[in-house]
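Asks: coords please:
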Amino acid sequence: MLRFVKHRRITGTVWLTADVHHTSAQHYDPARAAFKDFEPFWEFVTGPLNAGAFPANALDGTFGPDRVFVKAPPRANVSPAEGYQFFGEVDIDIDGDGDGGGGGGGEMTVRLREWDGTVLFTRVLQPGRVGQ
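Replies: Below is the predicted model:
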């Protein structure tokens with residue numbers, strides 16, 4: 001699929017994932033990868049919102065990950081009562097002026113948040129840019 005995205009010149013792909021029971025942000029780049037036929041992209045992971053939390057495992061090097069941010073417990077199956085409960089938020093400014101109207105823009109802001117809304121990590125991505 002990554003090869004297809006590259007060869008079709010589809011830009012600005014972002015992966016939003018969950019079910020690893022911690023929160024993290026990874027940037028993938030073929031310059032660091034074993035598999036080279038793709039364009040750089042971001043993956044944002046977050047969860048759970050009410051389940052046991054787990055440490056972050058080492059990332060496989062196939063797609064050249066760089067874990068830019070991670071918050072995870074030190075041991076497996078940490079109770080929700082102990083924290084480590086996360087959610088994510090994505091805002092897209094569709095016209096560039098922040099009022100939610102139309103007309104272009106497209107800047108995307110991803111926030112990884114703690115259960116109480118505290119922002120842990122923020123990344124702003126521009127539309128159509130490869131490898132940002």
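Asks: Now do the end-to-end distance for stretch 52-69.
Replies: 20 Å (CA to CA, to the nearest Å).
Asks: now swap in stretch 36-54 and tell me
Replies: Taking CA to CA as the measure, stretch 36-54 stretches 30 Å from start to finish.
Asks: ok, and for it, which residues are buried?
Replies: 38-48, 53-54 (16 or more other CB atoms under 10 Å). Backbone N, C-alpha and C define where each C-beta goes, glycine included.
Asks: what about the strands in this structure?
Replies: Applying DSSP state E to the chain gives strands spanning 14-17, 23-28, 41-45, 65-71, 86-93, 107-114, 119-125.
Asks: how about TSV for these, with distance to residue 132 and mean pLDDT added?
Replies: Shown next, in TSV, are the strands of the chain (distance: least, CB to CB, whole Å; pLDDT from 0 to 100):
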stretch	distance to residue 132	mean pLDDT
strand 14-17	10	94
strand 23-28	9	98
strand 41-45	8	96
strand 65-71	12	98
strand 86-93	15	94
strand 107-114	10	96
strand 119-125	6	97
